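>>> One predicted model, sequence on top.
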Amino acid sequence: MTEILLLPIGEIEEETLREICKGLKKAYTQTKCTISNETMQIPKQAYNKQRNQYNSTTIIEKMKTKLKNKNKILGITEVDLYVPGLNFVFGEAECPGSHAIISLYRLYPEFYGEPPNRKLFLERAVKEAVHEIGHTFGLKHCRNPFCVMHFSNSIWDTDVKWPVLCPICTIKLQILLRRLPK
């Protein structure tokens, strides 16, 4: 059974971590999800002063030195992330691989001038977590706008998505899992 470890990077609310774990177990029934007792500090070298954002690839590289004996590690942070060439990212993952990260920063409705909505925030967090873990299994972006593996160019793309894989990506995942070494 594949184990997914949630690694808080900075301070993350316990309820948020529990909801993400529940969502991952629902989307990937063949996995076990646990929350790390450790918290990783946000690496200072990831910060880009000109952008006022953090490079997600740099954080993933730091995550690799932290915990090594788990199948999948999903870092969760509150800081705004980017990769060169994009204004921001909701997350990043090795595809395929074992490490991924999501940012909660742009998932809060308040970021878009909307009133707070805890339920909507948690739905967004789960979708982004399921999406990035899908990449670690080797899943690419899906053309179906409702599939959790569809690329989110904006928060509205995320809101439209289901919190699970579409039927085609489910089949692709089953094929990818059969190829994994036992």
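In hand now; what should we look at?
>>> Give me the below-cutoff pLDDT ranges for the protein.
67-70, 180-182 (pLDDT under 70).
>>> residues making contact with the biggest strand by length in it?
In the chain, taking DSSP state E as the definition, the longest strand is strand 2-9. The contact list for strand 2-9, computed with Cβ atoms under 8 Å, 6 or more residues apart in numbering, reads 17, 20-21, 24, 28, 30-36, 38-42, 59, 63, 66-67, 70-77, 79, 101, 133. Every residue, glycine included, has its C-beta placed from N, CA and C.
>>> Could you export that strand as CSV, CA atoms only?
What follows is strand 2-9, C-alpha atoms only, in CSV (Å, rounded to 0.1, in the frame of the first residue of the first chain):
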residue,chain,number,x,y,z
THR,A,2,1.3,3.4,-1.0
GLU,A,3,1.8,5.8,2.0
ILE,A,4,1.3,9.5,1.6
LEU,A,5,2.9,11.7,4.3
LEU,A,6,1.6,15.2,4.7
LEU,A,7,4.5,17.5,5.8
PRO,A,8,3.5,20.9,7.1
ILE,A,9,5.9,23.6,5.9
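>>> tell me how far it is from the chain's mean position?
Computed by Cα atoms, centre = their mean, to the nearest Å, the separation of strand 2-9 from the middle of its chain amounts to 10 Å.
>>> Past it, which element shows up next along the chain?
helix 14-27 (DSSP states H and E).
>>> now that following helix against strand 2-9, angle please.
Direction vectors for helix 14-27 and strand 2-9, defined by axes from the mean of the first three to the mean of the last three Cα atoms, to 10 degrees, enclose an angle of 160 degrees.
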